[in-house]
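A.B. asks: sequence and predicted model, in that order:
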Amino acid sequence: MQVKIGKRIRDVIRRDSKVIFTTTREDFPFVADHGNGDHVFDIEGNRFIDFSSFVSCYNLGVNANAQIRNAAKKQIDRLMHGMFMDYYEEAPVELAEKLVGMLPPGFGRVFFSNSGTEANEDAIKLVKLFTKRRHIIAFYGAFHGRSIGALGLTASKTSHRAHFGPFVNVSHAPYPDPYRFNGSPEECSQASIDFIERNILGKEVPPNEVAAIFFEPIQGEGGYVVPPRGFFKELRKLADEHGILLVDDEIQAGYMRTGKFLALSNFGTVADIYTFAKSFGAGFPLAATVARKSLGDTPAGSHAGTFGGNLVASAAATASLDYIKRNRRGLERSIARKGAKIMKRMNEMKETYELVGDVRGMGLMIGVEFVKSKEGKEYATKERDSIIVDCFNKGLVVLPAGSSTIRIIPPLTILESNIDKGLDVLEEAIKNNSK
Ligand SMILES: Cc1ncc(COP(=O)(O)O)c(C=O)c1O
């Protein structure tokens, strides 16, 4: 199938360029109109298979499912916005109870906001409040958002940060990247832990001034980097030794994406605070910051927000969690099966094409890193970008991550036949961009 771009699409793009600030637009003319499970259609009727879940916002299918949409519609007819900041509402309380029910024991208090960056912003305030310490540690390659607090944690591209400092007090450590580390997975993990101990806690800031370590269980925007299995247990040990809190940003990797509700569960450890957004809102702007109950509460007036826990968003998010709870076993099995299928096919491509340097992932969070040569591992950024455009032109939406990676993150509910069709398009694009 060949996508045809006509006047209506070109016109929207021209009008957009006159009135909308530039954000992070990709190189292809995608003007979505409607979607339905595995597919999205643009305003001229071109149909695309979705391998992006709209940046992990539609884990249960493009435009969610009928139960989620009906829950939102019902709430719209009753009351759309409450005064949850000042009074009480049932919908967000029910959602918080259900979210806590998905987490390890001991988690209790939830703060609702509207976006991923806000959820991390809230976490920054909470760790300062709970520990009375000011300094934070995060990782190179991290993406935690773009508001000023969260941007201090983000360190995946200088273009995100240029001109916007000063930021909160953050020291960055190398995130363990087994593909680009010269040594075993254990050594790779240890090198990051050693860096924190020796360089940050040993030379920059004493441990008793560090409030928290923020991390993504799998780095998203930074390039779909999967750390070695033992890494977070070691990080937990280090944090516990010094009374430092761990904040796990599950915004992209969580919500069943890896086959488990929390991506961190794959690493056999727990955090002290979790942040959620993207698919958590089931298509609506909704985010949550959840802390261990033992950490305490916030004093009245210290933190609030007008729209957090919006009633329509809460109703949709509750229906979405209900769907996951009802279908959890089936989802776990199918995510594992579909993920293995994609990994197998991508690993075959790795054997065939020099350009495919690394294939990695968990469940349906899969990254494919392109390199100019397997030996030198030089980033093949141009080739990666060209592959993405070729896929788009043949009716497949995929997104980049990091310097030369693409992410394969279809809706978790995607049919296997559509996975096959999407991978055929991707292979053709890789072939065309191989020398
Ligand atoms: C891991 C992670 N954290 C935070 C964010 C920021 O979320 P938002 O764009 O909703 O502010 C993102 C967005 O891509 C993300 O991937």
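C.D. replies: On my side now, so go ahead. All of these numbers come straight from a predicted model, not from anything done at the bench.
A.B. asks: could you count how many residues lie near the closest residue to the ligand within the chain?
C.D. replies: Proximity of the chain to the ligand (CB to the nearest ligand atom) peaks at residue 116, 2.2 Å away. The C-beta positions use only the backbone N, C-alpha and C, and glycine is treated the same way. When counting by other CB atoms under 10 Å, one arrives at 27 neighbours for residue 116.
A.B. asks: excluding its backbone neighbours, what's nearest it?
C.D. replies: Spatially, and ignoring its direct neighbours in sequence, residue 116 is nearest to residue 277 (3.6 Å; CB to CB, 6 or more residues apart in numbering).
A.B. asks: which residues touch the one you found?
C.D. replies: 115-116, 118-119, 251, 286-288 (CB atoms under 8 Å, 6 or more residues apart in numbering).
A.B. asks: taking those residues one by one, which sit in helices?
C.D. replies: 116, 118-119 (DSSP state H).
A.B. asks: in TSV: these, plus distance to residue 136.
C.D. replies: Formatted as TSV, those follow (distance: CB to CB, whole Å):
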residue	distance to residue 136
116	17
118	17
119	15
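A.B. asks: picking that back up, isn't the residue of the chain closest to the ligand up against residue 145?
C.D. replies: Yes. If you go by CB atoms under 8 Å, residue 116 and residue 145 touch, sitting 5.3 Å apart.
A.B. asks: my guess is residue 150 contacts residue 122, does it?
C.D. replies: No. Assessed by CB under 8 Å, residue 150 is found out of contact with residue 122, at 9.7 Å.
A.B. asks: and this structure, what are its domains?
C.D. replies: 7-63+330-433, 66-326 (automatic domain parsing).
A.B. asks: quick one: end-to-end length of the shortest one, please.
C.D. replies: What that stands for is domain 7-63+330-433. 29 Å (CA to CA, to the nearest Å).
A.B. asks: residue 358 is in what secondary structure piece?
C.D. replies: strand 356-362 (DSSP states H and E).
A.B. asks: so does the helix or strand following that strand get close to the ligand?
C.D. replies: As assigned by DSSP H and E, the chain's next helix or strand after strand 356-362 is strand 365-370. No. Judged by CB under 6 Å from any ligand atom, strand 365-370 stays clear of the ligand, getting no closer than 11.2 Å.
A.B. asks: just the angle for strand 365-370 relative to strand 356-362, thanks.
C.D. replies: Angle of strand 365-370 versus strand 356-362, following axes from the mean of the first three to the mean of the last three CA atoms, to 10 degrees, is 170 degrees.
A.B. asks: buried set for the following helix or strand past strand 365-370?
C.D. replies: The first helix or strand that comes after strand 365-370 along the chain, using DSSP H and E, is helix 381-393. For helix 381-393, a neighbour-count test (16 or more other CB atoms under 10 Å) marks 383-388, 390-393 as buried.
A.B. asks: list the contacts of helix 381-393.
C.D. replies: By CB under 8 Å, 6+ apart, the list of residues contacting helix 381-393 reads 2-3, 26-28, 30, 48, 51, 355, 370, 372, 397-400, 403-406, 425-426, 428-430, 432-433.
A.B. asks: that helix vs strand 365-370, what angle?
C.D. replies: With the same axes, to 10 degrees applied, the angle from helix 381-393 to strand 365-370 works out at 130 degrees.
A.B. asks: oh, and call the first residue 53 from now on, that's how I've got it
C.D. replies: I'll keep to 53 as the first residue from here, and by that count the last item is helix 433-445.
A.B. asks: run the chain-centre distance for helix 433-445.
C.D. replies: 22 Å (CA atoms, centre = their mean, to the nearest Å).
A.B. asks: how about residues contacting the helix or strand containing residue 241?
C.D. replies: Assigned by DSSP H and E, residue 241 falls within helix 237-246. By CB under 8 Å, 6+ apart, the list of residues contacting helix 237-246 from outside reads 191, 225-230, 233, 235, 279-283, 286-287, 290.
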